[in-house]
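K.L.:
prediction below, plus the sequence it came from.
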Amino acid sequence: MSTRRTSRYHASRRYEVDGVVTLGQRLQGHPPEFSDSVRHTVVGGETLDSLAKLYYGREDLWWRIADMNPERFPLDWQPGDVVVIPPVRIATRTPRS
């Protein structure tokens, strides 16, 4: 199984499950926190894609927020939970070729 160099999964570990090769899709361990990260307290109705739109102007970057908060499944956030929002310079970076 190959992935493009620009894919977020390019460096992911490969696993064999029941004879099928698959990719690990969540980061392992806790990612580094950046001094300019934002801690956002979730309010009713907010989703990771709405937070990505709010902070980055792009809903499709929701996975950057999810990767920064690996301890919880992205759809399980509740009002009152604190989400770490990585800075836009990290959320919009592209992998080096």
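P.N.:
On my side now, so go ahead.
K.L.:
contacts for the longest helix along the chain?
P.N.:
In the chain, taking DSSP state H as the definition, the longest helix is helix 48-56. Here helix 48-56 makes contact (Cβ atoms under 8 Å, 6 or more residues apart in numbering) with 38, 40, 58-66, 74, 77, 83, 85, 88, 91-92. To be clear about C-beta, it is placed using only N, CA and C from the backbone, and glycine gets the same treatment.
K.L.:
list the buried residues of stretch 47-58.
P.N.:
For stretch 47-58, burial by neighbour count (16 or more other Cβ atoms under 10 Å) applies to 48-49, 51-52, 55-56.
K.L.:
export those as JSON lines, with columns for distance to residue 70 and pLDDT.
P.N.:
Output for the buried residues of stretch 47-58, formatted as JSON lines (distance: Cβ to Cβ, whole Å; pLDDT from 0 to 100):
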{"residue": "48", "distance to residue 70": "13", "pLDDT": "92"}
{"residue": "49", "distance to residue 70": "17", "pLDDT": "93"}
{"residue": "51", "distance to residue 70": "16", "pLDDT": "96"}
{"residue": "52", "distance to residue 70": "16", "pLDDT": "95"}
{"residue": "55", "distance to residue 70": "18", "pLDDT": "95"}
{"residue": "56", "distance to residue 70": "19", "pLDDT": "95"}
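K.L.:
quick one: buried ones out of the contacts of helix 48-56?
P.N.:
Using 16+ other Cβ under 10 Å, the buried ones in the contacts of helix 48-56 are 40, 61-66, 74, 77, 83, 85, 88, 91.
K.L.:
which of those residues fall within helices?
P.N.:
62-66, 88, 91.
K.L.:
most widely separated two among the residues you listed?
P.N.:
66 and 88 (15.9 Å; Cβ to Cβ).
K.L.:
so which residues of the protein form strands?
P.N.:
For the chain, the strands defined by DSSP state E occupy 14-17, 20-23, 38-41, 82-85.
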